[in-house]
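S.K.: next input, structure requested:
(chains A and B)
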Amino acid sequence: GAVVSQHPSRVICKSGTSVKIECRSLDFQATTMFWYRQFPKQSLMLMATSNEGSKATYEQGVEKDKFLINHASLTLSTLTVTSAHPEDSSFYICSARDRTASTDTQYFGPGTRLTVL
Amino acid sequence: DAKTTQPPSMDCAEGRAANLPCNHSTISGNEYVYWYRQIHSQGPQYIIHGLKNNETNEMASLIITEDRKSSTLILPHATLRDTAVYYCIVRALYNFNKFYFGSGTKLNVKP
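M.R.: Numbering: from 1, shown residues only, chains lettered A, B, ... in the order given. Reported below is the predicted structural model:
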């Protein structure tokens, strides 16, 4: 149980294009999902909290117009990197909180490797 | 959330116990200690968490000192597949559920 998937696992795009990444909780409902970014040899950096049915909340320094987040259902959140540039190349990871679990634990997806040329 | 300090790397022989320390001297009473690990180029994997009592599951044991200022994650019989970066995270339960990752400990399990 507690499986989180991401799609695509890897994407290469040209500078200036937009890229959408999907995060799904496969066997549980998640009212809250989170998006992280990880640069090579660095730790995960929390970008934003995605709340089902409401606007995402962004961490300080993260541009909300650059990283659009939509959480339309209890099992799906999407992150759209708009007008991507090479400096947006990174490993993007989502996580989901199992709202029914007593442990209040986050489960992470496998990540999406974004390369912007 | 309280800040954590972990050694950047550790080595462990295959089959032996791996003991990974974490300092969280500013932890407050309502903050839990969580451990996750990240194998190269994958998403983090939940290992264990606890408040003040020692915890054990099928993956590991978590030992929290009485003053709660430090903890140790124990992998009882490390295998090569346990090579990963291990993150100790301190978080208040229901604090908007946010996890802030530190730099973690790279555990190298050697044959």
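
S.K.: for the residue in chain B that chain A sits nearest to, which non-adjacent residue is spatially closest?
M.R.: Chain A sits closest to B:Gly43 of chain B, with a gap of 3.6 Å, by C-beta to the nearest C-beta. For glycine as for every other residue, the C-beta is placed from the backbone atoms N, C-alpha and C. Leaving aside its chain neighbours, B:Gly43 sits nearest to A:Phe108 (3.6 Å; criterion: C-beta to C-beta, 6 or more residues apart in numbering or on different chains).

S.K.: is that neighbour in a bridge, and if so with what?
M.R.: A:Ser95 (DSSP bridges).

S.K.: since we're on it, how many residues are nearby?
M.R.: By other C-beta atoms under 10 Å in any protein chain shown, the residues close to A:Phe108 number 24.

S.K.: residues contacting it?
M.R.: Contact partners of A:Phe108, counting by C-beta atoms under 8 Å, 6 or more residues apart in numbering or on different chains, are A:4, A:93-95, B:36, B:43-46.

S.K.: only the buried subset of those residues, as a ChimeraX command please.
M.R.: What follows is the ChimeraX syntax for the buried subset of the contacts of A:Phe108, where burial is set by 16 or more other C-beta atoms under 10 Å in any protein chain shown:
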select /A:4,93,94,95 /B:36,43,44,46
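
S.K.: restricted to strands, list the contacts of A:Phe108.
M.R.: The strands, defined by DSSP state E, take in A:4, A:93-95, B:36, B:45-46 from these.

S.K.: what is the nearest of those residues to A:Ala72?
M.R.: Minimum separation from A:Ala72 among the ones in strands among the contacts of A:Phe108 (C-beta to C-beta) is found for A:Cys94, which lies at 14.3 Å.

S.K.: my guess is that closest one contacts A:Thr75. True?
M.R.: No - applying C-beta atoms under 8 Å, one finds A:Cys94 not in contact with A:Thr75, separated by 11.9 Å.

S.K.: now do the contacts for A:Glu22.
M.R.: Each residue near A:Glu22 by C-beta under 8 Å, 6+ apart is listed here: A:6-7, A:76-78.

S.K.: and the strands in chain B?
M.R.: With strands called from DSSP E, chain B shows them at B:9-13, B:18-23, B:31-38, B:45-50, B:55-56, B:61-64, B:70-75, B:84-92, B:105-110.

S.K.: now the ones you listed in CSV, with mean pLDDT and distance to chain A?
M.R.: Shown next, in CSV, are those (pLDDT from 0 to 100; distance: least, C-beta to the nearest C-beta, whole Å):
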stretch, mean pLDDT, distance to chain A
strand B:9-13, 97, 12
strand B:18-23, 97, 14
strand B:31-38, 94, 8
strand B:45-50, 93, 5
strand B:55-56, 96, 11
strand B:61-64, 98, 13
strand B:70-75, 98, 16
strand B:84-92, 92, 7
strand B:105-110, 97, 10
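
S.K.: so which of those strands comes closest to A:Ile69?
M.R.: Checking the strands of chain B against A:Ile69 by C-beta to C-beta gives strand B:84-92 as the closest, at 21.2 Å.

S.K.: for chain B, what's the nearest residue on chain A?
M.R.: For chain A, C-beta to the nearest C-beta, closest residue to chain B: A:Phe108, 3.6 Å.

S.K.: ok, now how distant is that residue from B:Gln42?
M.R.: According to C-beta to C-beta, to the nearest Å, A:Phe108 and B:Gln42 sit 9 Å apart.
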